[in-house]
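Colleague: Quick check, what structure comes out for this input:
(one chain, ligands or ions: 1)
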Amino acid sequence: MLAKEGNIRYRETKSAKGSTAYRMKMEIGDEAENVSLKQQDDEQWMRHALELASRAEADGEVPVGAVLVRDGEVLGEGWNRPIGDHDPSAHAEIITLRAAAKAIGNYRLLNTTLYVTLEPCVMCAGAIMHARVARVVYAATDPKAGAAGSVFDVLGSECFNHRLQCQGGLLATEAGAQLRAFFRARRKQATSR
Ligand SMILES: [Zn+2]
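Modeller: Got it, this is the predicted structure:
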């Protein structure tokens, strides 16, 4: 988003005269409106992902939720369940991508945005790249295993043909609190045994 704003400013200074300058100003206004609408949408979808994360928590799984959206429509959603499914790959993102690909009958999930409450791990980042997801928005960063720049930067890697947009930190406070509360409760349970 910042890059986008940067581009507009650049365009403005490049042709800032007469009617062109006015048109540029109008475009900036529209763009600002689009950006704030997009932020509202992003926040709404992230809140939905946080609700999905609560379902993982209710099952005793690390609370992570994800939802894949295209043009305002949910293509797939999921929550973390490796313990219940006896499946090391059952992360929220993988479950979401599988559900979406099945729903549309195509493993290529073009023009989609994936909202996830925790920075994706290496496995999920790999699957996201294979699925050609256009944009990833995550909430809390994962300093132990994050693959969107915290530990690895798979999502920003130039080794892939596919490039995606990635933004972190949306509702990170809420997501972080949910995760911390979960681990605190689990530690308490472990010591009281
Ligand atoms: Zn993962």
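Colleague: Quick check on Gly76: phi, psi?
Modeller: Recorded main-chain torsions at Gly76 are phi -170, psi 160, according to degrees, to the nearest 10.
Colleague: what does Val74 give?
Modeller: Main-chain torsions, Val74, degrees, to the nearest 10: phi -80, psi 120.
Colleague: any idea how far the ion is from it?
Modeller: Look at Val74 and the ion: by CB to the ion, to the nearest Å, they are 20 Å apart. All C-beta spots, glycine's among them, are computed from the backbone N, C-alpha and C.
Colleague: For the ion, see how far away the closest residue to that residue other than its chain neighbours is.
Modeller: Here the nearest residue to Val74 in space, its sequence neighbours aside, is Val67; by CB to CB, 6 or more residues apart in numbering that works out to 5.9 Å. According to CB to the ion, Val67 and the ion sit 15 Å apart.
Colleague: Could you give the bridge partners of Val67?
Modeller: Glu77, Tyr115 (DSSP bridges).
Colleague: residues near it, how many?
Modeller: One way to gauge burial is a neighbour count; for Val67, by other CB atoms under 10 Å, it gives 25.
Colleague: For it, give me its contacts.
Modeller: Listed by CB atoms under 8 Å, 6 or more residues apart in numbering, the contact set of Val67 reads Trp45, His48, Ala49, Leu52, Val74, Gly76, Glu77, Thr96, Leu114, Tyr115.
Colleague: what residue ranges in the chain score low on pLDDT?
Modeller: Per-residue confidence for the chain (pLDDT under 70) gives these ranges: 1-30, 193.
Colleague: And the helices in it?
Modeller: Secondary structure of the chain (DSSP state H): helices located at 2-14, 18-58, 82-85, 92-104, 122-130, 172-191.
Colleague: Alongside the ion, which residues does the protein contribute?
Modeller: In this structure, the chain approaches the ion at residues His91, Cys121, Cys124, judged by CB under 5 Å from the ion.
Colleague: and the first one, how many neighbours?
Modeller: By that I understand His91. By other CB under 10 Å, neighbour count at His91 equals 27.
Colleague: Just give me the neighbour total for the closest residue to it other than its chain neighbours.
Modeller: Leaving aside its sequence neighbours, His91 sits nearest to Cys124 (CB to CB, 6+ apart; 5.3 Å). The criterion is other CB under 10 Å. On that basis, Cys124 has 28 neighbouring residues.
Colleague: what residues are up against Cys124?
Modeller: The neighbours of Cys124, taking CB under 8 Å, 6+ apart as the test, are His91, Glu93, Ile94, Val116, Ala147.
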